[in-house]
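*Asks:* need coordinates for the following:
(chains A, B, C and D)
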Amino acid sequence: MIDSVPLEWVLLVAAALFCVGLYGALARRNAIGILMGVELMLNSVNINLVAFWRYLEPHQVTGLVFAIFIITVAAVEAAVGLAMIIAIYRSWQTVNVDAVDSMKG
Amino acid sequence: MAFFLHYAWLIPVFPLLSFAIISLTPIRRSKPASGWLAIGLMGVATLFALGVLAGVAQGGHPAEDAQEMVVQPGEHATTSADESAGEHAPAAAEGDHAAAGAAEEHAEHATGFAFPEPVVVQRVDWAPTGTTTFRMGIYLDAIAALTLVMVTLTSTCIHLFSMGYMSAHPRHSRFFSFISLFTAAMLGMVMADNLLLFFICWEIMGLCSYLLIGFLFERPQANRAANKAFITTRIGDVLMLAGMVYLYTQVGSLAFGMGEGEIFNAEVLARLSQEQNALGMSHAVTISLLLFAGTVGKSAQFPLHVWLPDAMEGPTPVSALIHAATMVSAGVFLVGRTFPLFAAGNGEALTAVSTIGAFTALFAATIAVAQFDIKRILAYSTLSQLGFMVAALGIGGWVAGMFHMLTHAFFKALLFLGSGSIIHAVEETQAIAEIHHHDEYAAQQTAQDIRNMGNLRKYMPWTFWTYTMGFLALAGIFPFAGFWSKDEILADAQNGHLIVYVVLSVAAFLTAFYMTRQWRVVFFGRYRGEKPLVFVNPEGPAPATPHHAEVIGAGEAGLDIHLRHHDYGHEHDDDQAHDGEAPAGAHGHGTHGGHHLPAHPHESPWTIVAPLVVLAFFAVTLGAINLPFDFSSGHWLSHLVQQHAAEFNVLVAGLSLVIAVAGIGAGWFYASAFKTAQDSDPLARRMPAIFGVLNQKYYVDEFYALTVGKVTSGLALAWRWIDRQVFDRILHGTGTATLFWSRVNFILDDFFLNDGPDSVGKGTITTGKQVRRVQTGKVQDYLGLVFAGVVVLGLVYLYRVGR
Amino acid sequence: MYEVIDHVLNVQMGLGVPGWVIHLVRHVTVAGILLVIAPLQMLLLTYLERRIIARMQDRVGPNRVGPEGLFQPVADGIKMFTKEDIVPTASDRWVHLLAPCVVVAPVFLMVSVVPWGPELVPIDMNLGLLFFFAVSSVSGAGLLMAGWGSNNKFSLLGGMRAAAQMVAYEIPAVLSILAIVIVTGTLSLVKILNVQGGLFTSLNDVSSVPNLGLGWFVFTPVGFLAFLCFFISALAEGERTPFDIPEADSEIVAGYMTEYSGMKFGLFYLAQYVLNFLLCAITAILFFGGWQGPGVEWLHSRGVTASPDGSVVFTILANVLGLAYFLAKTYFFFFVMVWLRGAFPRLRIDQLLDFCWKFLIPLTLVNVVSATLWAIAIQWGSPQGLAFLEGMGEWARWGMAFALTLVINAAAYIGLVRVNETSGNQTTVAEDRQDRSMKTATLS
Amino acid sequence: MQLLVQVIFVLIAAEIVGAAVMVVTAKNIVHAALWLIASFCGVGALYLLLEAEFLAVVQVLVYVGAISILMLFAIMLTRHVTGKGAETSLYQRWWVGLIVAAVLFAAVIAPTVLAHPWETATAAPALPGETGQPAAMAGIVDLGRAFVEEYLLPFEIAAVLLLVGLVGAIVIAFEERAARRHIPTLAEEVAHRRQPE
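*Replies:* You can find the predicted model right below:
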């Protein structure tokens, strides 16, 4: 793998995934859609970590450790985020974020 | 013995185990099971402690033992024991000064002190985070081994005693779990290998002390006393923590030991004693004074002593265990442990220590003269004796201080347990039971008043004889344990510290005096408890009929207001309502009221007497561990801890014996004045003013209330005044001025500026409308702005700055 | 395997093909074999289940097609192939179509890590166990797809129930397996099997123990409790009675399968039975020693040490014996599953989830703790500061670990049973009884 | 062989990014969630290609097996089952997101990644092992050790985070029994219908 595919390719894939996720987080109306965008972004970060680990320091464990921490954080984020979405749905009867604007100035 | 040294870390685990089992498993439902479990595990711990002591003593040359004994927990196990022991053992064994290194040169007070090298050091990594690793474990040297034996023995006796004493209490199991936790913490503290672990255990002890003083939490007095103890000792503990932080910033370690990177390293101490800090003191002085603040709190030395007498609100075994034998001597142990730091303080720190110790010794002894509560007398005596130990350490008498700590623990525990036995017996009499029926707190206070006792020698022979031995030991009569240890302190003091010597001698005289007063009033004369002097609880249920009450003659300010002679026996019918409310006390009598108890007290059950006998044995013989003679087994303690102790001085010993005998004689005649319970003290008759001051403990509590309390409330009042008078006026003035200005403005506006402000207002509204569109309240807009900012920053960096 | 193919292709046929082709051939061959075996298992299991349940219910069961009705599953298969494939108009076409595939694919992936005999291991992955459960969790998504794609409220309910049940019971299943992983220190199924040699000790490194292949984990307190919890969780994962709520025909028709017909339905059916087979197999492997049994190791070692001519025979014999042990254990557990189906009624969904969260998960957590203690007692020594353990003999350490974990597990079980009784069902039962007695009182 | 790996990589990359694009553009939110699963699986395959097997398995276990199913659940719980709402339109200022994402990729990340001289392990020889072999790659054993030694504190914090997240999710999503919609029994329904308006 590492002698046939340069690191840049992997990083570009991760970057593309990040930007797609960012677009999803910015452009979706549905709160769950936004959450999906965020998950995509977190995944792209993980790809970066693993790629750097594999290409730069394969004998050290740091990249993997932090990838696992990010997976943990992502799981927590999904759980709490979805719980919040359900709570929002209960009081607004919608999950469209543009309807939830009680913070409007 | 190697086995015991190897597994010394198990000693605190046993009581911890009994704490865990009693608190977490259904065993807590069974009173005898939980009690016997705790006693059994304490017994095992005692065995281990004795084994450890035997191992330490047998080793003779601990360095060799240390070589093979040091366990290597984990890969990073220390071998510092080997190194430090190997380096310093020959020097220390000869009593040479070289071992203490550079610190020694600056410490003329600490002549002959060399920090004893450890026998066993076992450490494990604790909290490994990244690069810094804090390690903790056990650190056993001779004094730790001796203290372990002392703690476990007294604790076992007191556990056994509690089995009888607390048997009727509904929270019996909880009591055992608390004292087990306490014992575990004390043992852990003794074996701690660094100041942090020491401090953790120290704080657990503080917590247990709080819980146990407030054990009878139905009583407001107990709650107040618990709070007082907790808060007062907290002052010392915070300062001690500050000292530890200071030490850590200077040394980078809190581990005991003389090795590299440990706090008693000779180079480190030399540096600490030479470098000055912003206060103009050397680091060593500042650190040791801060640490000593912990001792002042825990060992109840002078400014912070106020909590200990109030702590007698706890059950008597608690007073014996925590507030006489073990926890309060932890402060002394702290000074003993960190003695090289004090010694490095060029004598300044030690002078402060000896001053406070000697002052407390005398101060508390004078108060004890004018008390009537049997436990409070002992409490002040404890204060005084702790003062002796602290003073001994302060004048460099390390061995004397530690020796006195060991002997004192035994005879003071004995005295407390004896007083518990007496109280227990007195409470079982008809007169007290009748009060108990009405108000159990008053009953207990009445039962503790020595004026309501008398002639107990006849009723309670076992208690009498054991108590007498404890009394003689405390008074310092040859050949009881207290004589040897106190004599050693005096011998040290006489050697160049004349003021301390005189003060301590006076304190010793007073000790013999007040103890004799108590002893004679309690055990001799006529039994006065049939018509007792009744303590009236200001917070208890109101006395049924005031006309029955008879206020005793004035003279003893304070106390007498609450003392009435009152026969509650006739009020049974009226008092039925209180039955339901009265919480079951420490000695709840299920059938009081209807059932008639004997008029005289009787000897206590064997669970109470047996510990007394054991402790009395030690009170008599413990002096033998450090006889100041140069025969084969003389100076055993000094040899064991490898310190040089003061030589025997016939003059000093004789003089102290004379002083003690004089004190006893004076006390004997003095106490003959108590004929009935209502008789007042002879001193109160002659010099009521002085007696009042002493009886009210020099008004220290009131002084604190007037200073600290008043300052706090004064500040609050001052702030309120500032708020009302200054800020409110400014605000009102501003308001008035604004109103006036607005009137003027209105006229101007109306006639001249109508159009201008209008357009300004419109402009503001328009701007606001434009600006507020940014605040859409929609999370995606914000997120988009954030990332737009990121993009802009990235572009700037890449194409402007980065180039 | 590699050598065999190499021999056949390059020596016998003289083709001289490169190594990667041999690898490819080897993997394709193994995959082909497994792809054939798995549906065959499904056919056999459906037949067995129908026959056994019929016997339990005093019926005969399918007995017309072939001897003793043995070809009945084949006939059913032909029927499914020829049936019309109905796709509801309002359904989400692609989701509806893909759902059965998503459910079936993971199951076939799971087959690839199961060791069938000492050398019959398709893939010896060092993460085998984790792989097995990771892949099995994917099929939950397929179930939700099926439920949602059908656009039918029974399907949706069934799909959601199935996914909820799967997600919930994955936790006790994985936790109970974690105990075994802690004790063995590996995630590889092959290594877990190798540890289970010996004789009732689960430790074939205890000296002086004959290797009879009986050191199954079920003989230790940790393994026994883990086995119980795992098997119950497996029942729920495989949607077996009494946990067959997702397809409760009396409530929600056929759950997520309601709108499926023809071969798509057949795929669900296939996935379900292969999954059941795999769960039984994993139970046998983890707790009952898989192919381990008296004689296998002996034959296998003969195969390694004996002369080159005899070795093949001994190896083949060892594998056949191991395969026989393995299949016997697996079919026994499938029999137990059928037996339970014949014996128990279905639970309610809230009872199911309560049972999982309030009973199984705490119990498995305690079991993980005792597994840790077991591992400490067996494996630790002076490097961890427990030199006194090292001084004890192997048997003493084993006995101490056994007693300790037995006490902890038994106490946890009894305690949890009491807690669950007092908190929930017993009171309602008591109230119920009181109600009833009051009613009878008023009636009489 | 190199070409084969490259082709596989490109396929996987296309699957990841393509599925991600479908996630953010799909009209139907359920379809989006399913595409998300596809994208996650692709990332798992990429991990396999990068020889991080453990992470690949964890990716499947956590993302596919748990998070995606959780999302599908949330979608189905917050959707009017029979009515509209499943189909979502874009946010009104979606073009902001598009511009930001596109500029971020094209002008910031991609030039950075391409311009930086990466010193990969192939360019610089790996640490020499004892026998001249390159040092072994970090495996699961090293990972496990790192968690209990070097990264013990972060590990514990992550554990606490999980616990807090669990409790928080329960607290947030918990519906008080009293607030739950009352589902009438059949008898109540009948009684209700029978009542005159």
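*Asks:* helix or strand: which one has C:Met400?
*Replies:* helix C:394-420 (DSSP states H and E).
*Asks:* show me where chain A dips below the pLDDT cut-off.
*Replies:* Along chain A, the parts satisfying pLDDT under 70 run over A:1-2, A:101-105.
*Asks:* now for chain D, the helix or strand with the poorest mean pLDDT.
*Replies:* None of the helices or strands of chain D scores lower by mean pLDDT, DSSP states H and E than helix D:186-194, at a mean of 70.
*Asks:* related to what we said a few turns ago, tell me the mean pLDDT for the helix holding C:Met400?
*Replies:* Mean per-residue pLDDT for helix C:394-420: 83.
*Asks:* and stretch B:445-456, by the same measure?
*Replies:* Average pLDDT, stretch B:445-456: 84.
*Asks:* export it to PDB, keeping only CA atoms.
*Replies:* C-alpha atoms of stretch B:445-456 as PDB (Å, rounded to 0.1, in the frame of the first residue of the first chain):
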ATOM      1  CA  GLN B 445     -23.500  15.100  81.700                       C
ATOM      2  CA  THR B 446     -24.600  14.400  85.200                       C
ATOM      3  CA  ALA B 447     -23.100  11.000  85.200                       C
ATOM      4  CA  GLN B 448     -19.800  12.500  84.000                       C
ATOM      5  CA  ASP B 449     -19.600  15.000  86.800                       C
ATOM      6  CA  ILE B 450     -17.000  13.900  89.300                       C
ATOM      7  CA  ARG B 451     -18.900  15.600  92.200                       C
ATOM      8  CA  ASN B 452     -21.600  13.000  91.700                       C
ATOM      9  CA  MET B 453     -19.200  10.100  92.200                       C
ATOM     10  CA  GLY B 454     -17.200   9.000  95.200                       C
ATOM     11  CA  ASN B 455     -16.200   5.800  97.000                       C
ATOM     12  CA  LEU B 456     -16.200   3.900  93.700                       C
END
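*Asks:* distance between it and the chain's centre?
*Replies:* 27 Å (Cα atoms, centre = their mean, to the nearest Å).
*Asks:* can you map out the helices along the stretch 251-400 of chain C?
*Replies:* Along the stretch 251-400 of chain C, the stretches classed as helices by DSSP state H, counting those that start in this stretch are C:262-287, C:296-305, C:308-343, C:349-354, C:361-379, C:387-391, C:394-420.
*Asks:* and the longest helix that chain A contains, what other elements does it pack with?
*Replies:* In chain A, taking DSSP state H as the definition, the longest helix is helix A:62-92. Secondary-structure packing of helix A:62-92 (3 or more Cβ pairs under 8 Å, 6 or more residues apart in numbering or on different chains; DSSP states H and E): helix A:31-56, helix D:53-59, helix D:68-77, helix D:140-148, helix D:152-173. (Glycine included, C-beta is placed from N, CA and C.)
*Asks:* wait, does the longest one make contact with chain C?
*Replies:* Just to be clear, that refers to helix A:31-56. No. Counting by Cβ under 8 Å from any Cβ of the partner chain, chain C is not contacted by helix A:31-56; separation bottoms out at 14.0 Å.
*Asks:* quick one, that helix and helix D:68-77 angle?
*Replies:* Counting by axes from the mean of the first three to the mean of the last three Cα atoms, to 10 degrees, helix A:31-56 lies at 170 degrees to helix D:68-77.
*Asks:* so which elements touch the longest helix along chain B?
*Replies:* Ranked by number of residues, the top helix in chain B under DSSP H is helix B:220-251. On a contact count with 3+ Cβ pairs under 8 Å, 6+ apart, helix B:220-251 meets helix B:195-213, helix B:266-274, helix B:283-298, helix B:307-310.
*Asks:* give me the distance from the shortest one to the chain's centre.
*Replies:* Taking Cα atoms, centre = their mean, one finds helix B:307-310 lying 9 Å from the centre of the chain it belongs to.
*Asks:* quick one: average pLDDT of whichever helix or strand comes after it?
*Replies:* Proceeding N to C from helix B:307-310, the next assigned helix or strand is helix B:316-320, under DSSP H and E. Averaged across helix B:316-320, the pLDDT comes to 86.
*Asks:* now the helix or strand just after helix B:316-320 and helix B:195-213, what's the angle there?
*Replies:* For helix B:316-320, the following helix or strand on the C-terminal side (DSSP H and E) is helix B:327-337. In terms of direction (the same axes, to 10 degrees), helix B:327-337 departs from helix B:195-213 by 170 degrees.
*Asks:* close to chain D, is the strand or helix carrying C:Ser155?
*Replies:* Counting by DSSP H and E, the element that carries C:Ser155 is helix C:153-184. Yes. Using Cβ under 8 Å from any Cβ, we find that helix C:153-184 touches chain D at C:153, C:156, C:160, C:163-164, C:167, C:170.
*Asks:* could you identify which of those has the most neighbours?
*Replies:* C:Ala163 (25 neighbours; other Cβ atoms under 10 Å in any protein chain shown).
*Asks:* my guess is that one contacts D:Ile69, does it?
*Replies:* Yes. Using Cβ atoms under 8 Å, C:Ala163 is in contact with D:Ile69, at 5.5 Å.
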